[in-house]
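1. Need a 3D model of the following:
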Amino acid sequence: MTLSPQHFSTRLLALDARTAAGLLDYDHPNLAAQQLAELPPARAMAILMALPEDIRDAIMTASSNGSAWLRAEAYALGTVGSQLEE
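-> Numbering: from 1, shown residues only. Predicted structure coming up:
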């Protein structure tokens, strides 16, 4: 059974960042970037930070949302900015 992209993003939201990171397709950074682009930027960045640096860099390079993900990292946990991004 193949999950539709919408169901996959819902699944990524429900899991902790490390588990969600393990579900991404590392061999296809464009696909992983597309999957993360469907998530709030702060959530996408949390998942990216759970990945090894080389994989994270490949996915961010493949995505046009990389700058939004980096901005999301700048919000301190528990601040209004981080809550809005989630």
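2. Might one say that Leu13 is in contact with Glu38?
-> No. Leu13 is beyond contact range of Glu38, at 9.3 Å (criterion: CB atoms under 8 Å). For the C-beta atoms, the positions are set from N, CA and C on the backbone; glycine is no exception.
3. So what does Asn30 look like in phi/psi?
-> The phi/psi pair for Asn30 (degrees, to the nearest 10) reads phi -60, psi -40.
4. That one: neighbour count?
-> Per other CB atoms under 10 Å, the neighbour tally for Asn30 reads 13.
5. quick one, phi psi at Met16?
-> Small correction: residue 16 is Asp, not Met. Here is the backbone geometry of Asp16 (degrees, to the nearest 10): phi -70, psi 160.
6. what about it, distance to Ala62?
-> Note on Asp16: its distance to Ala62, by CB to CB, to the nearest Å, is 24 Å.
7. So which of those two has more stuff around it?
-> Set side by side, Asp16 and Ala62 show more neighbours around Ala62, with 17 against 10, by other CB under 10 Å.
8. can you tell me which residues contact that one?
-> By CB atoms under 8 Å, 6 or more residues apart in numbering, the residues touching Ala62 are 29-30, 32-33.
9. With secondary structure, pLDDT and distance to Leu48 added, can I get those residues in TSV?
-> Converted to TSV, those look like this (DSSP: H, G, I helix; E, B strand; the rest coil; pLDDT from 0 to 100; distance: CB to CB, whole Å):
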residue	secondary structure	pLDDT	distance to Leu48
Pro29	helix	92	11
Asn30	helix	91	15
Ala32	helix	92	9
Ala33	helix	91	10
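10. and the two most separated of the residues you listed?
-> Pairwise distances across the contacts of Ala62 (CB to CB) peak at 7.4 Å, for the pair Asn30 and Ala32.
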